[in-house]
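Chemist: can you look at this prediction? I've put the sequence above it.
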Amino acid sequence: MKVTVIGCGRLGAPYACSLAAIGHEVLGVEVSPAVLGRLSQGLAPFDERGLGEAVAEHHASGLLRFTGSYEEAAAFADVHFVCVPTPQQDGGLGADLSAIESAITSLASRASGRCLIVGKSSVPVGTAARMGRLAADHAPDGAQVTVAWSPDFLRESTSLEDAARPTRIIVGLPTCAGQAEATLRRVWAPWTEAGVPLVVADLATAELAKSAANAFLATKVSFINAMAALCEASGADIHTLAESLAHDPRIGSAMLDSGLGFGGSCIPKDIRALIARGRQLGVPEVGFLHQIDAINIRRRRRVVALARQACDGSLAGRRVALWGAAFKPGTDDVRDSPALAVAADLHAAGASVAIHDPRALPTVRRQAPELECVDDFERVLDGADVLLHLTHWPQYADADPELLIAKPAQYRLVDARGTLDARRWTDAGWVYQGLGYALTS
């Protein structure tokens, strides 16, 4: 089948590749000239494992090509997947839906005959129904435009694998959906025939499927971090506590790694949008997510406080080395990165901040020129008063603390991710401090 993917960023590019991989002819629509230029050359627009090879392969095969034209998209296919960003509003908790509105009206106004628009972006509940009305208002006479919603469940750093082997497909359909369900079943047949569950729901339920999943994951992360704070105050051990909890089959081990907390472009803004929508709908029960967000932010401040303590109470004039800038390993994305938030607070407190990251430094240099970017993860320690481990890249865990101890001015470590071997570092002579443990002197 012929399909289009509208918006070829961190959601759209992997999804377009996954559709091409199951045999569809895919036309990607991208309005950013820089991103479109790379994609049109068969190059990935950002650093994501396997994406460059996938874009090149499907582009070369002819199954995947790109354009900046909505006219071309409307003429190419009758099925359109909208994957544009829905960031947090400036100055508010709600989602900025301007890109969604623009994409849907641009498609609907050029439709002829039947046109199925499937939103995949994360949106507040109630958005899809409103987009359906908006599309109907912009559709030419004779066009039959249907808006459905099928949220993505991709994770950055594994987005290509997640798109190729989805854990589930959720689709929300309007009451009068016509042939929409049958059409989408044909699109997704290679996945569903391989055993991927397909859940057909109403529009509102499909929209909530994504935001509820992210809110639950955020709750689990902030819960274990709240327990970590309690462990610090009481002398308990968060790792042993988390292991105990993980043995309970009702809880499981996923998302029980205490540390610096969550970040990125999805979970933080999705829970804030859910809070805002709950207010609009008069649902105070959703307000507990405020505390989930607050716990997450306090973990960042806690790391800054530990760095200050390691520097004898003042960060002014001290050199702080950071391992990690991306919000998680395996990606170059620094949007709402806990590591960069810590870096900004350290700089504001008067510290000289040197930062290393295997992939994210080009973005850091553009967005935070006040930080010193160092391309070598050992050299970033030169002259440092304290080392903060903020993103758990594998090379940091593999580093030899005995070989590194001669580099900093003071051999103090704050392990904000809890993935370094505490005994190994302390045996090498470092003063180790992790989150979720009683403070060391």
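Modeler: Yep, that arrived.

Chemist: residues in contact with the closest residue to residue 259 other than its chain neighbours?
Modeler: Leaving aside its sequence neighbours, residue 259 sits nearest to residue 417 (C-beta to C-beta, 6 or more residues apart in numbering; 4.5 Å). Where you see a C-beta, it was placed from the backbone N, CA and C, and this is true even at glycine. By C-beta atoms under 8 Å, 6 or more residues apart in numbering, the contact list for residue 417 reads 257, 259-260, 324, 389-392.

Chemist: what does the average pLDDT come to for the longest helix along the chain?
Modeler: When the chain is parsed with DSSP state H, its longest helix is helix 203-234. Helix 203-234 carries an average pLDDT of 97.

Chemist: again, but for stretch 395-410
Modeler: Stretch 395-410 comes out at a mean pLDDT of 92.

Chemist: show the end-to-end separation of it, please.
Modeler: Start-to-end span of stretch 395-410 (C-alpha to C-alpha, to the nearest Å) is 22 Å.

Chemist: now do the buried residues in that stretch.
Modeler: Residues of stretch 395-410 classed as buried by neighbour count (16 or more other C-beta atoms under 10 Å): 396, 399, 401, 404, 407-408, 410.

Chemist: same check, this time on stretch 73-81
Modeler: Quick answer for stretch 73-81 (16+ other C-beta under 10 Å): 73-74, 76-81.

Chemist: check stretch 242-249 too.
Modeler: For stretch 242-249, burial by neighbour count (16+ other C-beta under 10 Å) applies to 242, 245.

Chemist: same deal with stretch 246-259?
Modeler: Result for stretch 246-259 [16+ other C-beta under 10 Å]: buried residues 255-259.

Chemist: considering those, which is situated nearest to residue 228?
Modeler: residue 258 (4.0 Å; C-beta to C-beta).

Chemist: and for the helix or strand containing residue 245, what's in contact with it?
Modeler: Using DSSP states H and E, residue 245 maps to helix 238-246. Here helix 238-246 makes contact (C-beta under 8 Å, 6+ apart) with 224, 227-228, 231, 251-253, 256-258, 418, 435-437.

Chemist: quick check: next helix or strand after it?
Modeler: Scanning onward from helix 238-246 (DSSP H and E), the first element met is helix 267-281.

Chemist: in whatever helix or strand comes next after that next one, what's buried?
Modeler: Using DSSP H and E, the helix or strand that directly follows helix 267-281 along the chain is helix 289-310. Across helix 289-310, burial judged by 16+ other C-beta under 10 Å covers 289, 292-293, 295-296, 298-300, 302-304, 306-310.

Chemist: same list (the buried residues of stretch 395-410) but as a markdown table, adding secondary structure and distance to residue 171.
Modeler: Shown next, in a markdown table, are the buried residues of stretch 395-410 (DSSP: H, G, I helix; E, B strand; the rest coil; distance: C-beta to C-beta, whole Å):
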| residue | secondary structure | distance to residue 171 |
| --- | --- | --- |
| 396 | helix | 41 |
| 399 | coil | 46 |
| 401 | helix | 50 |
| 404 | helix | 51 |
| 407 | coil | 54 |
| 408 | coil | 54 |
| 410 | coil | 56 |
